[in-house]
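Chemist: pasting a predicted model and its sequence here:
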Amino acid sequence: MAAISMGRDLLHKNIERPSLAKPSPESEHNPDRRTAAAQGSTVTGFHQDEDGHWVVELSCGHTQHLRHQPPWQSRAWVLNPLLRHEKIGQPFACGWCAQGSVSDNLGD
């Protein structure tokens, strides 16, 4: 009987929280608070990977996947060739640049 009571207690104490933060333009939160202006990267082009996902090419030499997978990643513009073309030359916050060099991440 004690096991049933404990199971009920666990169910009653279950507080459900939404899995997504409040919506942002990219539906993602950047914990390192990087900004495109601080990184100096711009979009130079796009290509598709072997699975058909779009990848942005950046002026810093890095690339990043830009998937449209609602509700986690809302980037419907990436599916439209005209909207993708409008992003070329626009600032883009490069996550790789924000992490610093590999040797910086290795520590002493």
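Modeler: Okay, I see it. Numbers count the residues shown, from 1 in each chain.
Chemist: how far away is Ala76 from Glu86?
Modeler: As judged by Cβ to Cβ, to the nearest Å, Ala76 and Glu86 stand 13 Å apart. C-beta: built from backbone N, CA, C; applies to glycine.
Chemist: just want to know which of those two has more residues nearby.
Modeler: Between Ala76 and Glu86, Glu86 has the larger neighbour count (other Cβ atoms under 10 Å), namely 12 against 9.
Chemist: for that one, helix, strand, or coil?
Modeler: Of the three states, Glu86 takes helix under DSSP: H, G, I helix; E, B strand; the rest coil.
Chemist: so it versus Val43, what's the distance?
Modeler: Distance from Glu86 to Val43, by Cβ to Cβ: 10 Å.
Chemist: A strand includes Trp96, no?
Modeler: No: according to three-state DSSP, the state of Trp96 is helix, so it is not within a strand.
Chemist: mind listing what's buried in stretch 75-86?
Modeler: Across stretch 75-86, burial judged by 16 or more other Cβ atoms under 10 Å covers 75, 78, 84.
Chemist: now Pro91, which residues is it bridged with?
Modeler: Following DSSP bridges, Pro91 is listed with bridge partners Thr42.
Chemist: thought it was touching Leu58?
Modeler: No: with contact defined as Cβ atoms under 8 Å, Pro91 does not reach Leu58; the gap is 10.0 Å.
Chemist: compare the two (neighbour count), which wins?
Modeler: A direct count of neighbours by other Cβ under 10 Å for Pro91 and Leu58 places Leu58 higher, at 21 against 16.
Chemist: what sits against that one?
Modeler: Leu58 makes contact with 41-44, 64, 92, 94, according to Cβ atoms under 8 Å, 6 or more residues apart in numbering.
Chemist: just give me the closest of these to Asp51.
Modeler: Among the contacts of Leu58, Gln64 lies closest to Asp51 (Cβ to Cβ), at 14.9 Å.
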